[in-house]
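Peer 1: here is my input, please return the structure:
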Amino acid sequence: MLHDGAEIALLDVREAGQFGESHLLFATPLPYSRLELDVGALVPRKSARIVVCDDGVLGVADRAAKRLQALGYTDVSVLDGGTKGWAAAGYTLFSGVNVPSKTFGELVEHACHTPRVTVQELARMQAAGEDFVILDGRPFAEYQKMNIPGGICCPNAELPYRVSSIVRNPKTRIVVNCAGRTRSIIGAQTLINFGVPNPVVALENGTQGWVLAAFKLERGASRRYPDRIDASALTAAQASARKLMERFSIRSATAGQVEAWLKETDRSTYLCDVRTPEEFKAGSIPGSMHAPGGQLIQATDQWVGVRNARIVMIDGGENVRAPMVASWLKQLGCDACVLEGGVRSGLTGAPSPKPALPSLPSLSAAELKHALDAGRCTVLDLGASMKFREAHIPGSRWSNRIRIAADARNAKVLVVLVAEHADTARLAAMELLEAGIKDMKLLEGGTAAWTRAGYATDSSPADPPDAECIDYLFFVHNRHAGNREAMKQYLAWETGLIAQLDEQDRASFKIGAAH
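Peer 2: This is a model prediction of the structure:
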């Protein structure tokens, strides 16, 4: 089914940490704790073929399948045996997140021989005062956390659109970096594919390689791409984008065509706006998803849950950024096209429907304090496990939608739910209602309201214990906290992905060699 060319959504409904430890290559992560909130965007067509997956033991796939059917999805199956059954049948399981996109980046480097530079060589270039510029291909928020000293933020989708406004001399060497490997590779190869005259290289291993080589990162930097685009440079970029569309046989679609696609009942169509956060906030096409700065290439499964669906790229109408992203999605094996005129095309789109969730009465921080002091309630915190470790209401316990019914089994009369986002608490409340627990309330404003009211919080570095932190993938996240071993493990994971592919999986990628 994964390789028959028809549409399929393979949804792994375990929490992020569980998914990241071991999953099928083309599985889309859709945690049960957020199922109804996210499935409408990930799987917009109710008649799409869906296979739900867990580890074969948890039983959460069966629960999720029933929820999906209640939402009106008509073609829902559960993978027999889950990931354990998949492995027992002799198929490969993968660890990590965004695996198809990460694997794709490694395959691009192999196929296109993308030039690269080591962190040691870059440090030597800096010390020698050579003529080069460092462009950080990540979104601005990631860049601000840490960056290579002197680097300028220019997310990958913005690179061909804005590079000539940053680098004036065609002889200046351009170094593209990210936190690890794949966005460096894609960013550098993007500029090469667009035919920029400058020598372009990817920084091997990115900011993690920089730290592992004992160099210091810059933090809190604010250098970023210019907002203004030079008219003559834009004309050249548009010409390059047209050549790219021809090279990869990328079609464009009118607003009328896309309107017709959105009404089809036998095919899924996604609208993806690839512009900057500021541009998207100023206004977009109803029903479009914001996938900025090349992140759609980097983490396709965060936006698109149906393999072989149509993906329509939307930019500002300049016809540079949408073709750039489409060219990579086409090579990823997706059916990608460009909306003519972008946000100015006249496409009306359609707003995504919101799920119906149970109402949940609330109580204030003062009321909760009174109930706790009187011993009249059980408090369950549904936030991130790592945030619970940092700060939680005294006497509360960490829980999750998967386990909340069991956690509340011996609860005192009133159950109080604490959540950063009220809707996640409302989903968890559905589990409690089905378990016969009806006396429950939501803390208005969550832990932040408790703190604002002047009440103290507790912290514990081991509560919940690591084994229970099912929403957290340690080796991916700890690398950003300065954990050198996690960095080494992550880089080894990235470079080892290609070796895990079988011939059928590898054939899913359609990488064209660079000219």
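
Peer 1: return the residues in contact with the closest residue to Ala236 other than its chain neighbours.
Peer 2: Once flanking residues are discounted, Ala236 sits nearest to Ser164: 7.3 Å by Cβ to Cβ, 6 or more residues apart in numbering. (C-beta placed from N, C-alpha, C; glycine too.) Counting by Cβ atoms under 8 Å, 6 or more residues apart in numbering, Ser164 touches Val196, Asp230, Ala233, Ala236, Ala237.

Peer 1: need the mean per-residue confidence for the helix or strand where Ser164 lies.
Peer 2: According to DSSP states H and E, Ser164 maps onto helix 159-166. For helix 159-166, the mean per-residue pLDDT is 95.

Peer 1: and it, how far from the chain's centre?
Peer 2: In terms of Cα atoms, centre = their mean, to the nearest Å, the centre of helix 159-166 is set 25 Å apart from its chain centre.

Peer 1: which pLDDT value goes with Thr495?
Peer 2: Taking Thr495 on its own, its pLDDT is 88.

Peer 1: how close does it sit to Phe26?
Peer 2: Using Cβ to Cβ, to the nearest Å, Thr495 is found at 21 Å from Phe26.

Peer 1: ok, the two, which is more surrounded?
Peer 2: Set side by side, Thr495 and Phe26 show more neighbours around Phe26, with 18 against 14, by other Cβ atoms under 10 Å.

Peer 1: help me confirm that the more buried one is found in a helix?
Peer 2: No - under the criterion used here (DSSP: H, G, I helix; E, B strand; the rest coil), Phe26 is coil, not part of a helix.

Peer 1: which phi and psi does it have?
Peer 2: Torsion angles at Phe26 (phi, psi; degrees, to the nearest 10) stand at phi -100, psi 20.

Peer 1: which strands or helices does the longest helix along the chain pack on?
Peer 2: For the chain, the helix with the greatest residue count under DSSP state H is helix 231-247. Helix 231-247 sits against helix 159-166, helix 321-331, with contacts defined as 3 or more Cβ pairs under 8 Å, 6 or more residues apart in numbering; DSSP states H and E.

Peer 1: out of these, nearest to Arg224?
Peer 2: Among those, the nearest to Arg224 by Cβ to Cβ is helix 159-166 (9.6 Å).

Peer 1: and the angle from the closest one to helix 321-331?
Peer 2: Helix 159-166 runs at 140 degrees relative to helix 321-331, counting by axes from the mean of the first three to the mean of the last three Cα atoms, to 10 degrees.

Peer 1: following element in sequence after helix 159-166, please.
Peer 2: Helix 159-166 is succeeded, C-terminally, by strand 173-177 (DSSP H and E).

Peer 1: how close does Ala70 get to Ala356?
Peer 2: Distance, Ala70 to Ala356, using Cβ to Cβ: 10 Å.

Peer 1: which intervals of this structure have sub-threshold pLDDT?
Peer 2: 412, 476-482, 513-515 (pLDDT under 70).

Peer 1: related to what we said a few turns ago, same for the helix or strand just after the longest helix of the chain, what does it pack against?
Peer 2: Using DSSP H and E, the helix or strand that follows helix 231-247 towards the C-terminus is strand 252-253. Under the contact criterion of 3+ Cβ pairs under 8 Å, 6+ apart, strand 252-253 touches strand 335-339.

Peer 1: which other residues reach the strand it packs on?
Peer 2: Residues outside strand 335-339 that contact it (Cβ under 8 Å, 6+ apart): 245, 250-253, 255, 258, 271, 308-315, 319, 322-323, 325-326, 329-330, 345, 347.

Peer 1: just the CA atoms of that strand, as CSV, please.
Peer 2: Extracted C-alpha coordinates of strand 335-339, given in CSV (Å, rounded to 0.1, in the frame of the first residue of the first chain):
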residue,chain,number,x,y,z
ASP,A,335,3.1,15.7,-6.4
ALA,A,336,4.0,19.4,-6.0
CYS,A,337,2.9,22.3,-8.1
VAL,A,338,3.0,26.2,-8.0
LEU,A,339,0.0,28.4,-7.6
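
Peer 1: by how many degrees do it and helix 231-247 diverge?
Peer 2: 150 degrees.

Peer 1: who does the very next helix or strand once past strand 335-339 pair up with?
Peer 2: For strand 335-339, the following helix or strand on the C-terminal side (DSSP H and E) is strand 362-363. Strand 362-363 sits in its sheet next to strand 440-443 (parallel), going by DSSP bridges.

Peer 1: distance of Ala61 relative to Val39?
Peer 2: Separation of Ala61 from Val39 (Cβ to Cβ) stands at 14 Å.

Peer 1: right, I mislabeled it, should have said Asn169
Peer 2: From Asn169 to Val39 the distance is 49 Å (Cβ to Cβ).

Peer 1: now do the same contact list for the residue nearest in space to the middle of the chain.
Peer 2: Residue closest to the average C-alpha location in the chain (Cα atoms, centre = their mean): Gln302, at 4.2 Å. The contact partners of Gln302, by Cβ under 8 Å, 6+ apart, come to Asn98, Ala291, Gln295.

Peer 1: do Val312 as well
Peer 2: By Cβ under 8 Å, 6+ apart, the residues touching Val312 are Ala253, Val258, Trp261, Thr269, Tyr270, Leu271, Cys272, Ala336, Cys337, Val338, Leu339.

Peer 1: helix/strand/coil for the fifth one?
Peer 2: At Tyr270, secondary structure determined by three-state DSSP is strand.

Peer 1: that one - how many residues pack around it?
Peer 2: 25.

Peer 1: gap between the residue lying farthest from the centre of the chain and Arg397?
Peer 2: Within the chain, Ala374 marks the point farthest from the mean C-alpha position, 43.3 Å out by Cα atoms, centre = their mean. With distances taken as Cβ to Cβ, Ala374 is found 18 Å from Arg397.

Peer 1: same deal with Asp463?
Peer 2: Shown here: Asp463 relative to Arg397, a distance of 9 Å by Cβ to Cβ.

Peer 1: so what's Asp423 closest to, chain neighbours aside?
Peer 2: Leu37 (5.7 Å).

Peer 1: residues making contact with the helix or strand the one you found falls within?
Peer 2: Taking DSSP H and E as the definition, Leu37 sits inside helix 35-42. For helix 35-42, contacts defined as Cβ under 8 Å, 6+ apart pick out 9, 11, 13, 28, 30, 64, 67-68, 71, 73, 289, 303-306, 352-353, 355, 357, 423-424, 427.
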